[in-house]
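Asker: Sequence first, then the predicted structure, then my questions.
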Amino acid sequence: MGDFVTTPNLNIRQATENDVPTILSLIRELAEYEHRSHEVVATEGDIRESLFGNHPVAEALIGEHGGVPISFALFFYNFSTFLGRPGIYLEDIYVKPEHRGKGFGRKLLAHVARLARGRNCGRLEWAVLKWNEPAIRAYEKINAVPMHEWTVYRLTGKALDKLADEN
């Protein structure tokens, strides 16, 4: 699978259970950047179980510069009924602010793309906040296509519980 990639500036590796505190710290930094810190309720136990428990539901990569974690990507499989193949959904990709603009995010995204191709995935997808112009420009440079005809819907909390309780 190529669990470890070395470039002159960035080492990308599959996260291990020892990375759980780092992953949660980077998640909190991402939430702060997105003005959504109040939404982070995940604990180290939640992250550990979801990534390394008996039934992992997601994977994470850690990007290191000079041996220090500066970025992460968290992703999981989805499935395209039209393609009849799995895809990868990139839930989060984050580079610490002081390391942005140096190509680290692109290298991390390219690594996820190689994983998708190597795993016979038909697509790689993610969402971006409409106000995140730097990210949008970066995605346009790699010829990513916005899916304007789609609107994401979400159920959480009481709304999710209410629907789940229906007979």
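Answerer: That came through fine.

Asker: Could you pull up the mean pLDDT of stretch 59-70?
Answerer: Computed over stretch 59-70, the mean pLDDT rounds to 97.

Asker: What are the boundaries of the helices in this structure?
Answerer: Applying DSSP state H to the chain gives helices spanning 20-33, 44-52, 104-118, 133-141, 157-164.

Asker: Mind checking those for the one nearest to residue 90?
Answerer: Shortest distance between residue 90 and the helices of the chain, using C-beta to C-beta, is found for helix 104-118: 5.9 Å. (C-beta placed from N, C-alpha, C; glycine too.)

Asker: So what angle separates the directions of the closest one and helix 133-141?
Answerer: Comparing the axes of helix 104-118 and helix 133-141 via axes from the mean of the first three to the mean of the last three C-alpha atoms, to 10 degrees yields an angle of 40 degrees.

Asker: Report the backbone C-alpha coordinates of helix 104-118 in CSV.
Answerer: The C-alpha trace of helix 104-118 is given here as CSV (Å, rounded to 0.1, in the frame of the first residue of the first chain):
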residue,chain,number,x,y,z
PHE,A,104,2.0,20.1,1.8
GLY,A,105,-1.8,19.9,1.4
ARG,A,106,-1.4,19.0,-2.3
LYS,A,107,1.1,16.2,-1.5
LEU,A,108,-1.2,14.8,1.2
LEU,A,109,-4.2,14.9,-1.2
ALA,A,110,-2.1,13.3,-4.0
HIS,A,111,-1.2,10.5,-1.5
VAL,A,112,-4.9,9.9,-0.8
ALA,A,113,-5.5,9.9,-4.6
ARG,A,114,-2.8,7.2,-5.0
LEU,A,115,-4.5,5.1,-2.3
ALA,A,116,-7.8,5.4,-4.1
ARG,A,117,-6.3,4.4,-7.4
GLY,A,118,-4.4,1.5,-5.8
